[in-house]
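Chemist: Curious how this folds, go ahead:
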Amino acid sequence: MKFNRINWRSVYKRLEIKQIELIKAYPENNMELVKHIQILILKDFRTTAIAVRRVYINVALPLRGLMGKL
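Modeler: Residues are numbered from 1 along each chain as shown. So this is what the prediction gives:
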């Protein structure tokens, strides 16, 4: 899958749904479900793509402007 072809709205929506499930499971002391949801979030390609995108936006884009000035 190409990075620029990812539907970011759906990716963020899916992450938000998983985070809400996590928040609901924690007060119920359902630690098995909490751990399962955490693993799903960590191993999901879409959440990895979000992390890469954040690094790219925060690190690579500002450096790209700097390189033109050197």
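Chemist: which other helices and strands contact the one helix or strand Thr48 maps to?
Modeler: Assessed by DSSP states H and E, Thr48 sits inside helix 45-55. Other elements packing on helix 45-55 under the criterion 3 or more Cβ pairs under 8 Å, 6 or more residues apart in numbering; DSSP states H and E are helix 8-25. All C-beta atoms are positioned from the backbone trio N, CA, C, and that covers glycine.
Chemist: Name the residues that touch the helix it packs on?
Modeler: Helix 8-25 is contacted from outside by Leu33, Val34, Ile37, Gln38, Leu40, Ile41, Asp44, Arg46, Thr47, Ala49, Ile50, Arg53, using Cβ atoms under 8 Å, 6 or more residues apart in numbering.
Chemist: Would you list the phi and psi of Ile6?
Modeler: Per-residue torsions, Ile6: phi -80, psi 140 (degrees, to the nearest 10).
Chemist: any idea of the pLDDT on it?
Modeler: At Ile6, the model reports a pLDDT of 87.
Chemist: Let me see the contact set for the closest residue to it other than its chain neighbours.
Modeler: Using Cβ to Cβ, 6 or more residues apart in numbering and skipping residues adjacent in sequence, the residue nearest Ile6 is Ala49, 5.8 Å away. Ala49 makes contact with Phe3, Ile6, Val11, according to Cβ under 8 Å, 6+ apart.
Chemist: What does the pLDDT read for Ala49?
Modeler: If you check Ala49, the pLDDT there is 90.
Chemist: Quick check: it vs Asn7, distance?
Modeler: Distance of Ala49 to Asn7, given as Cβ to Cβ, to the nearest Å: 11 Å.
Chemist: Quick one: buried ones out of the contacts of Ala49?
Modeler: The neighbour-count test (16 or more other Cβ atoms under 10 Å) marks Val11 as buried among the contacts of Ala49.
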